[in-house]
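Q: structure of the sequence below:
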Amino acid sequence: MSQYQQTTLSPALLTKALLRAVEQLGLADPLPSMLGAGPEEVAQLQSGTRELDPQRREWQAALEVVGLFRTSIEVLGSVERAKQWLGTANDVLGGRPIDLLKSAEAERVHRYLKSVRKHELRMPPPSRREH
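A: Residues are numbered from 1 along each chain as shown. Below you'll find the model as predicted:
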């Protein structure tokens, strides 16, 4: 369950938070599969012609994406490091988090970040780039 409760967020606010998180983390491509929505529905959200519906599965999925954004920034310290982490292979997860978010394995990424935040797991050190 997300730290946000349905009654504390308006559809407009959650839609805005979702789109901001997606933009900053570079998650536009996997967004339809993450929300369980079609590309046309996602395009309507992005264009502002539609807001998230609290009665649909997309609402909980959007809460998870916003939670992923907040937790990854908290754990990694910056948007840039969170974005890098999403695109880097993770031995514990068995793949790149961004790929897992596009699949039925998305919940593993959420659980992993929550465990790191609670200090149950350690985040692997950032990879060093050679110059």
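Q: run through who's touching the longest helix seen in the chain.
A: Longest helix of the chain, by residue count under DSSP state H: helix 57-76. With C-beta atoms under 8 Å, 6 or more residues apart in numbering as the test, helix 57-76 has contacts from 2-4, 6, 14-15, 17-18, 20-22, 24-25, 27, 31, 34-37, 41, 52-53, 79, 82, 85-86, 101, 106, 109-110, 113-114, 116-117, 123. To be clear about C-beta, it is placed using only N, CA and C from the backbone, and glycine gets the same treatment.
Q: of the residues you listed, buried ones?
A: Buried members of the contacts of helix 57-76, scored by 16 or more other C-beta atoms under 10 Å, are 2, 4, 14-15, 17-18, 21-22, 25, 27, 31, 34-35, 37, 41, 52, 79, 82, 85-86, 101, 106, 109-110, 113-114, 116, 123.
Q: of those, which belong to helices?
A: Per DSSP H, the buried ones among the contacts of helix 57-76 map to helices at 14-15, 17-18, 21-22, 25, 31, 34-35, 41, 79, 82, 85-86, 101, 106, 109-110, 113-114, 116.
Q: ok, back up a step: what is the rounded mean pLDDT of the longest helix of the chain?
A: The average pLDDT for helix 57-76 rounds to 94.
Q: what's the answer for stretch 26-45, then?
A: On average, the pLDDT along stretch 26-45 is 93.
Q: all numbers from here: first residue = 243
A: From this message on, residue numbering opens at 243, which makes the last subject stretch 268-287.
Q: return it as PDB; C-alpha atoms alone will do.
A: What follows is stretch 268-287, C-alpha atoms only, in PDB (Å, rounded to 0.1, in the frame of the first residue of the first chain):
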ATOM      1  CA  GLY A 268      12.500   9.100 -18.100                       C
ATOM      2  CA  LEU A 269       9.600   6.700 -17.800                       C
ATOM      3  CA  ALA A 270       7.400   7.900 -20.600                       C
ATOM      4  CA  ASP A 271       7.900   4.700 -22.700                       C
ATOM      5  CA  PRO A 272       6.900   2.200 -20.000                       C
ATOM      6  CA  LEU A 273       4.100   4.400 -18.600                       C
ATOM      7  CA  PRO A 274       1.300   2.700 -20.400                       C
ATOM      8  CA  SER A 275       2.300  -0.800 -19.200                       C
ATOM      9  CA  MET A 276       3.000   0.600 -15.700                       C
ATOM     10  CA  LEU A 277      -0.500   2.100 -15.500                       C
ATOM     11  CA  GLY A 278      -2.200  -0.800 -17.300                       C
ATOM     12  CA  ALA A 279      -3.600   1.800 -19.700                       C
ATOM     13  CA  GLY A 280      -3.500   2.200 -23.400                       C
ATOM     14  CA  PRO A 281      -1.200   4.600 -25.200                       C
ATOM     15  CA  GLU A 282      -4.200   6.800 -26.100                       C
ATOM     16  CA  GLU A 283      -5.300   7.100 -22.500                       C
ATOM     17  CA  VAL A 284      -1.800   8.000 -21.500                       C
ATOM     18  CA  ALA A 285      -1.600  10.600 -24.200                       C
ATOM     19  CA  GLN A 286      -4.800  12.100 -22.800                       C
ATOM     20  CA  LEU A 287      -3.200  12.300 -19.400                       C
END
